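Engineer: Make a model of this:
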Amino acid sequence: MAISGKPLNGIVAPEDIRIILTLRLLIARAANKDSLAWWDDESLTAPAQYVLGRVFPVAPGLAARSLALASALARHRATFAKRANALHLYRLDPDGQDALAAQSVQLLAIDVPKEPIASIDALGQALLDLLGKPSPYTPVRSTEAGGLQIQVWPAPAGVSPLLHRARTLAWAYLEGAPNAPIFPYCVE
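Structural biologist: Numbers count the residues shown, from 1 in each chain. The predicted structure follows:
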């Protein structure tokens, strides 16, 4: 449990994990079929809200967010199945500290766009609104499975390396196109 801004497990501060989860859910929303259609998921769409409201009447929003994150993680695991050392937005730390810290955050407290994200420009604007400025990186190489290895630049002073990695990886999704995802990753 975090205590007023202190890092969870010594690695992720509560406000940082909230931003990381917001980035994860934003990219998952952009990946839904009514948006950029990057993988087979409709968890955050209007039709899913209707169904989930009937199947999970107590917390349909929580179910939607949980399903979207599980779908995104599964898609990334499949993409990087042959690259055990790949770190991506849904696995930022080889030791799983980000996953552990994420368990302490209430997913319902994270805002998710209700409307589709229908273009790369719209995703870029959503990232700018959230992050304030672009997160530069250096492309290293592309893989046949749609992976894009990037070099994450050093974190600015005062920004945790995990948050910086998440911001940079999220920004690199802008290399994709509708129906043509790019899966950014880096290696330590």
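
Engineer: C-alpha only now, for contacts and for neighbours.
Structural biologist: Fine.

Engineer: who are the neighbours in contact with the spatially most central residue of the chain?
Structural biologist: Closest residue to the average C-alpha location of the chain: Arg24 at 2.0 Å, with Cα atoms, centre = their mean. Arg24 is in contact with Leu69, Leu89, Tyr90, Ala170, counting by Cα atoms under 8 Å, 6 or more residues apart in numbering.

Engineer: Closest to Ala30 out of those?
Structural biologist: Using Cα to Cα, Ala170 comes nearest to Ala30 of the contacts of Arg24, at 11.3 Å.

Engineer: on that earlier part again, please flag which of the contacts of Arg24 sit within strands.
Structural biologist: Of the contacts of Arg24, none are assigned to strands by DSSP state E.

Engineer: Tabulate those in a markdown table, adding columns for distance to Leu123.
Structural biologist: Shown next, in a markdown table, are the contacts of Arg24 (distance: Cα to Cα, whole Å):
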| residue | distance to Leu123 |
| --- | --- |
| Leu69 | 17 |
| Leu89 | 15 |
| Tyr90 | 18 |
| Ala170 | 10 |
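
Engineer: Show the pLDDT at the residue nearest to the centre of the chain.
Structural biologist: Looking at Arg24, its pLDDT reads 98.

Engineer: can you give me the helices in the chain?
Structural biologist: Remark: helices assigned in the chain by DSSP state H are 14-31, 46-55, 60-79, 97-102, 120-131, 161-172.

Engineer: Mind listing what's buried along the longest one?
Structural biologist: Read that as helix 60-79. Of the residues in helix 60-79, 60-69, 71-73, 75-77, 79 count as buried by neighbour count, 16 or more other Cα atoms under 10 Å.
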